[in-house]
Structures are given as structure tokens and as C-alpha cells.
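1. sequence and predicted structure are below.
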Amino acid sequence: MSLALQTTTRPTFWRIGDVGKAVFYYLAALAILVFLYGVYGRVRRYARGSDDPFDRLDNLPDRTLTAARLALSNRKQLDRDAVAGVMHAFVVWGFLTLLIGTTILGVDMDLYRPLTGDSFFVGRFYLSYSFVMDAMGLLFVVGVGVALWRRYGRRLDRLHGRHTSREDGLFLGALFLLGVGGYLTEGVRILGTSTVRDVSFETVSFVGWFVKDVLVAAGVTPQLAASAYPFVWWSHSLLALWFVAWIPYAKPFHMLSSFANVVTRDEKAGVRLPGVPEDAAPEDIGPSEIDDFSWKQLLDHDACTKCGRCSAVCPATESGRPLDPRDVILDLKRYREEVDAGGETVPIIADGGTSVIDAHTMESCMSCMACMDACPVDIEHVTQFTEMNRRLTESGEMDDHVQDAMMNAFQHGNTFGDPERKRPDWTEQLDFEVPDARDQSVEYLWYVGDYPSYDERNKRVARALARVFEAADASYGILYEDEQTDGNDVRRVGEEGLYEMLVEDNAAAIQSCEFEAIVTTDPHSFNTFRNEYPEFDACEWDEADVFHYTEVVADLAESGALGLSGNELDYTVTYHDPCHLGRYNDVFDAPRALVDATGCDRHEMPRNRRDSFCCGGGGGGLWMDFEEESKPSEERLREAIEDTDAGAEIEKFVVACPMCMTMYEDGRKTGGYEDDVEIVGLTELLAEAVGGSA
């Protein structure tokens, strides 16, 4: 290496002096101690929460590596909002690069030089370091600038709400000043040292060099720059040290808590719900006090970045119900902070009176999990919402309509309150006998469900599926009157005791039969049989044994058993992804393959697959009456009619869920769409196509 290259570096504490250097190190140590104390306080606070029912710290190295990949890829930030994703990527990558760069400089000054008497912060390493730091720092400044513009220039709605505060602007402003201040410090240094040495190599610091040129154009002389440098340097350094110390005490803590939240996430959160301990007293079911939430749920509250992505996709929020998932999480966080500061304690949730969360807010939740799917930091809203519903149930504050449905399920095994003997009456209009799985061995044990058994409109869906099974010569059978309601939504409205009773009864009925797989009509049944029943000792099957009918029929169609040629029907249709089938269980392709196999011209709505919009029936919504600005089902039908791709004129709105069928038939009437589109079950479409091919 040439002598010139060996001396290519920058003075680190130029014009600061030994006293200034000592003061800086003292303040840096103090800032780090304040930071560590704050983090310790947060962790100690989480420890006061209840135990979490799931093991969230198993295989910690793999969890951490997976979380790091998610954080660096910004996959969840890119979902639904590419600009926000790129912006966040710039901020994260830039911030981490600047942090690593500062650490490298500290290692050289405080370890390598004292130990070796030499420095690696010279020559090609220094030039490469300077270029990378300038390039990534620029991305950081651009990213923060875009964030400021979206919040205060464009005023994006989802970034503002009841919990918006000065802290949000202070956080972004501090980041922006840190980035810009670093370049200003660099530009002043380059200009100030230009009279005592050759600084031509500093062009690799292209942003700092540009700032130097701007200063020269503004009339700043090298002498003035040299005089001003200590002030500029101390301003930047003190801001950086204050920011480090501030992190655990305010919004910047989400940089740590959100990563920890992703590390400790449950991949099946919401899809499966935690049970209630067998020895739990009624007053201990559901959260009464803030510390009844688990340590992970308290971490959830701190991980929230107020980004509003959950609010933007929530069908309850859009329809005007009194629920904003972001506000619920932040209300709980604020209440915890008030209690910790000596504030008054109130019930977590209640119907009327003073409480943190109002009962009607939780009743509004459809358990569609759109909030959780949209959340970039894996906050588990639905789990917490369900546990608060359990508290309402135990305190006798359940919605009257839901209470009637629960009583029907308890007394009659179905939410309609009809006699159990009438469950198989839907089969009477068929010109063949549906096999009884209790009397013969079958390949597919078909769990029909409440709505296809008792609701007149959905009985047609059940009969159509029976015809499809017959046409494919499938080996199937049903439980007849031994079937009871599956309990998926019973559990999600908070009736855990009734749910556990239904699990035992259904598991006993199913396991008395000989079968290879369980097939369900309803995605809600599919979800609970697949993901929740196996958690109970009474159940002997596992998730690999449970299928939704679309998966089974898609296999039959692909094998040629249905004899579909793909040109039987010529309707123009759109397909709606049910929440419990798509977002919950990732079944997207099988229903679409079946629609295509009938020959229909299929078009997608703007919100499809994981981004699908809930019909409004989940989480007990099917049993309740709400005062809404617009029903979710009406909004979804409007979307299908007006916004479907290629401007297609949709004739049929295809559903693969009995609850969706009920909600959309209602929305078609109340929304005035009866002459615009027909609601049709996928089984009905298939039965028509199979009949045509036959």
C-alpha cells in the first residue's frame, strides 16, 4: 500500500480536544446505562404478566434467524403498500448500516488502536467504509423523509387516530435530524480540513462532498467551517446520545419490541386459540386486570407502531362498528402505563360503566384475522379479543342473540334450536340415499355442519355436494343426527366451556366411525377440526386428516372422476375467499381450480386471496344485529359488481362457505343488488357442470 493510501483516513475527534473527548465518553457511557436500565424495566414489567400457554422461546436461534430474515426482507411491510415497504426498508437498512459503521469506528479507536498501536481505519478500508456509509445513510434520510411526507404532507388517514401524539413527530424528526446532521458534520469537516491537507479522496463520501460544495456556494470559508465544526459535532453527538437513552421510554422502543414480538410469535395464533386451564375459577377466565394478560400480550402492546395497517383492513372499522383494532391494543397499553404511574384501576372490559374496553367493541370483531395478517410486527389481536370475550361470557354480559344461539347449541346441538332428529332432513329431496358413516367404512367422513343441515338456502349447497360426490363415485358418508355444531364460532364468542363439550361429543361420534379423512362443508368447521380439536385429548386424529370439500373435489376433478371437460358452463363469475379457508388455512388454489374446471370465466376482485374482505358473519356476527354505515356483505358485493378486474360484468358471485352464503344473500337484498348478481355456492356450480357433462 502506498504511503498516500496509508494516510487516507479522517480525524475522529478533530478540534474536540482531550477534555471534550473525555466528556463525550462519559456521556456515551451514561446514555448506554440509561438505555440498559430502561430495557431492564420493560422486561421486568413483562414478567409481571401471566404465563403464556404456548412455548414461545423454543428453538430460539432458529426463531431469531427467521425474524431477522423477515425484518431485513420487509416482506410484511411491502404487503398491500409497496411505498411503505420500500420506505421502511430504506430506514431499517440505513439505520443498521449507520449503527454497524459507528460500532466499527469504536472498535478501531477503543480496542484495536490501544492494543496494536495501529489502525485499520485507513486506506482502501476507509474509502470503502465512507462510500457505503454515505450511500446507506442517504437511503436512511430518504426513507425518513418519505415517512414524514406520508404522515404530515399527504396526511395518510391510517397514520392518524386517537392515539396520535407529538411523540410520533418527535421520533421521525429525531431520525431525520440524525441523518441530515451526520452529513452536515461530514461536509463541515471536509471543508474545514481542506486548508491543511489534500481532501480529494473524500469524494467517495459523495453526499458529504455535496454538502461541502453547498457550503462553499453559500459563502462558507474553510476557516469558518473549522471554527463551527465543534458546535456542529457536539450538536450531532448530543442528539445521537439522547436518542440512544430515549429508546426504551417512548416510541423508538418499537425497534426492539417489534423484533422481539416477531421472534416470539405463534405461527398458529388466532387459527388456534389457547384453552382455559382446567382448575381456573370463573373469575379467572379472561382478563380482569392488566396483568392477567400474558407477558407476550403485554409485549404485543409495546410492539404496536401505530401504523394503522390493521385499522385499514378491518371490516368492522370500515362498516362503522365501534371497533378499531389498533385503538384496542393502544388503549390497553395506555391503561397499563396509567396504572403503573399510580392511576385508578377499572375493569378491562364491561358492558356499560367505566372500563378500558367496551363490550360492544369486542362484539364487533368478526375474527376474520385481517388485522393480524396485515400487522407487520405480528401482534396477535384475535387471541386477546377472544379472551376478553371470555371475560364477558363469565360475567354474564354476552349479547342476547349470541346467548340464544349458545343455549340452542347446548340444548339441541345446533345454533338454530331445531330438533337433532331433523339434522339429516336435507337428504330427503335427493334421488339417492346418502351413506351413513356410522354403519359402514368410508374414505371420506363428511361433516355437513349446521347451516347446510338446517338453513333452507344452504340445504341446496349440501344436496349439490352430495350429487358431486355421487357423480365421482366417491366413498363417503355422514353422521346423520349424531353430528353436532362444530363450535368454531362458539369458541370465538368466548364460550369455552360449551366449546369443550362440543369437542368431546363430536370427537366421540366421529371416532366411532371407520374413515380415512374428515371432509367439511364449512371452512369454520374445517379450521377447528384441523387446528384446534387435535389439541384435546378426546380427539385422536391430526391436522393432516382434515380437508375442506374444495380440496377433495379438486383432487377428484383432476383425476377425471367428475368428467369435466372445462366447457360445460359459460357464466362470468368472481370467487370470494372465505376468511377461515383462505387467510386462516391458505386454501386458495383448489376453489379457483374447480371454478375454472366448470368452464366459467373467472375474474378477481381487487381484494382477493389473503387480502379478501370478510362477509361479516364470523366471530358470532351471523347471530348479531349491528347499527352499521354499510354492511360488510354489501360492500363486498359492490366491489364485485363495480371493481372486478377487466371491467367484467359479473353474473354469479361464487362462495365456498355456508356462512358467506347466508350473509351475501342478505346483503344482496339489503344492498339492492338482487337484479345485479346471483349468489351461488361452488357446490351448486359444480353440480350444474357435472349434470351438464353427464
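-> That came through fine.
2. average pLDDT for the strand or helix carrying Val188?
-> Assigned by DSSP states H and E, Val188 belongs to helix 166-192. Helix 166-192 comes out with an average pLDDT of 92.
3. quick check: buried residues in it?
-> 168, 171-172, 174-192 (16 or more other Cβ atoms under 10 Å). For the C-beta atoms, the positions are set from N, CA and C on the backbone; glycine is no exception.
4. same question, stretch 641-658
-> Ile641, Thr644, Ala648, Ile650, Glu651, Lys652, Phe653, Val654, Val655, Ala656, Cys657, Pro658.
5. tell me which stretches of the stretch 101-250 of the chain form helices.
-> Remark: helices assigned in the stretch 101-250 of the chain by DSSP state H, counting those that start in this stretch are 113-116, 123-148, 166-192, 206-217, 222-246.
6. gap between the third one and the chain center?
-> Centroid displacement of helix 166-192 relative to its chain, using Cα atoms, centre = their mean, to the nearest Å, is 33 Å.
7. biggest helix in the chain by residues?
-> Counting by DSSP state H, the longest helix found in the chain is helix 17-46.
8. okay, and which of the buried residues of stretch 641-658 map to helices?
-> Reading helices off those with DSSP H, I get Ile641, Pro658.
9. what is the nearest of the buried residues of stretch 641-658 to Leu33?
-> Relative to Leu33, the closest of those is Cys657; by Cβ to Cβ it sits at 56.1 Å.
10. the closest one and Glu642: what is the separation?
-> 23 Å (Cβ to Cβ, to the nearest Å).
11. which helices and strands does the longest helix of the chain pack with?
-> helix 222-246, helix 295-303 (3 or more Cβ pairs under 8 Å, 6 or more residues apart in numbering; DSSP states H and E).
12. and among those helices, the most buried is which?
-> Here the criterion is mean neighbour count by mean count of other Cβ atoms under 10 Å, and of these the winner is helix 295-303, at a mean of 24.
13. for stretch 367-385, the distance to its chain's centre please.
-> 4 Å.
14. tell me the mean pLDDT for it?
-> The pLDDT scores in stretch 367-385 average 93.
15. from one end of that stretch to the other, what's the distance?
-> 9 Å (Cα to Cα, to the nearest Å).
16. what's next to stretch 369-380, contact-wise?
-> The set of residues external to stretch 369-380 that reach it, using Cβ atoms under 8 Å, 6 or more residues apart in numbering, is 76-77, 79-80, 88, 254, 258, 261-262, 265-266, 269-271, 296-297, 300, 303-305, 307, 309-315, 325, 329, 381-382, 579, 583-584, 610, 613-614.
17. just stretch 193-204 next, same as before
-> 8, 10-11, 14, 127, 130-131, 134, 190, 208-209, 212, 222-223, 226.
18. in that stretch, what's buried?
-> Those would be Thr193, Ser194, Val199, Phe201, Glu202, Val204, for stretch 193-204 by 16+ other Cβ under 10 Å.
19. cool, stretch 421-428 as well?
-> Applying 16+ other Cβ under 10 Å to stretch 421-428 flags Arg423, Pro424, Trp426, Thr427 as buried.
20. got the CA coordinates for it in CSV?
-> Extracted in CSV, the C-alpha atoms of stretch 421-428 (Å, rounded to 0.1, in the frame of the first residue of the first chain):
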residue,chain,number,x,y,z
ARG,A,421,-83.6,-35.6,14.5
LYS,A,422,-84.1,-33.0,11.8
ARG,A,423,-80.4,-32.6,11.0
PRO,A,424,-80.5,-35.1,8.1
ASP,A,425,-83.8,-33.9,6.6
TRP,A,426,-81.9,-32.1,3.8
THR,A,427,-81.2,-35.5,2.3
GLU,A,428,-84.8,-36.4,1.7
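21. hmm, back to that, who does the helix holding Val188 touch, helix- and strand-wise?
-> Helix 166-192 packs on helix 82-107, helix 123-148, helix 206-217, helix 222-246, going by 3+ Cβ pairs under 8 Å, 6+ apart.
22. tell me which of these sits nearest to Leu564.
-> Using Cβ to Cβ, the nearest of the helices and strands packed on helix 166-192 to Leu564 is helix 82-107, at 38.1 Å.
23. quick revisit: put together CSV for the helices and strands packed on helix 166-192, with mean pLDDT on each row.
-> Conversion of the helices and strands packed on helix 166-192 to CSV gives the following (pLDDT from 0 to 100):
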stretch, mean pLDDT
helix 82-107, 89
helix 123-148, 91
helix 206-217, 92
helix 222-246, 94
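24. tally of neighbours for the closest residue to Met659 other than its chain neighbours?
-> Once flanking residues are discounted, Met659 sits nearest to Gly617: 4.1 Å by Cβ to Cβ, 6 or more residues apart in numbering. Gly617 has 29 neighbouring residues, counting by other Cβ atoms under 10 Å.
25. now, the contacts of stretch 369-380 that are in strands?
-> Judged by DSSP state E, the subset of the contacts of stretch 369-380 located in strands is empty.
26. before we move on, back to that, quick one: which two of the buried residues of stretch 421-428 are the most distant?
-> Taking Cβ to Cβ, no two of those sit farther apart than Arg423 and Thr427, at 9.7 Å.
27. OK, contacts around Glu394?
-> Pro282, Glu283, Ile285, Gly286, Gly494.
28. now Tyr447
-> Contacts of Tyr447 (Cβ under 8 Å, 6+ apart): Ile478, Leu479, Glu483, Asp486, Asn506, Ile510, Ile518, Val519, Thr520, Thr521, Ser525, Phe529.
29. can you redo these as TSV with secondary structure and neighbour count?
-> What follows is the contacts of Tyr447, written out as TSV (DSSP: H, G, I helix; E, B strand; the rest coil; neighbours: other Cβ atoms under 10 Å):
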residue	secondary structure	neighbour count
Ile478	strand	27
Leu479	coil	21
Glu483	coil	25
Asp486	coil	26
Asn506	helix	25
Ile510	helix	21
Ile518	strand	20
Val519	strand	28
Thr520	strand	25
Thr521	coil	27
Ser525	helix	30
Phe529	helix	29
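30. can you redo the residues you listed as CSV with pLDDT?
-> Below are these laid out as CSV (pLDDT from 0 to 100):
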residue, pLDDT
Ile478, 95
Leu479, 95
Glu483, 95
Asp486, 94
Asn506, 95
Ile510, 95
Ile518, 96
Val519, 97
Thr520, 97
Thr521, 97
Ser525, 96
Phe529, 96
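31. what is the nearest of the residues you listed to Ala464?
-> The closest of the contacts of Tyr447, once distances to Ala464 are taken by Cβ to Cβ, is Thr521, at 10.2 Å.
32. look up how far Gly681 lies from that closest one.
-> 9 Å.
33. spit out the residues that contact the two alike.
-> Shared contacts of Thr521 and Gly681 (Cβ under 8 Å, 6+ apart): Val461, Pro658.
34. follow-up on the earlier one: which of the helices and strands packed on helix 166-192 sits closest to Glu433?
-> Closest among these, once you apply Cβ to Cβ, is helix 82-107, at 54.9 Å.
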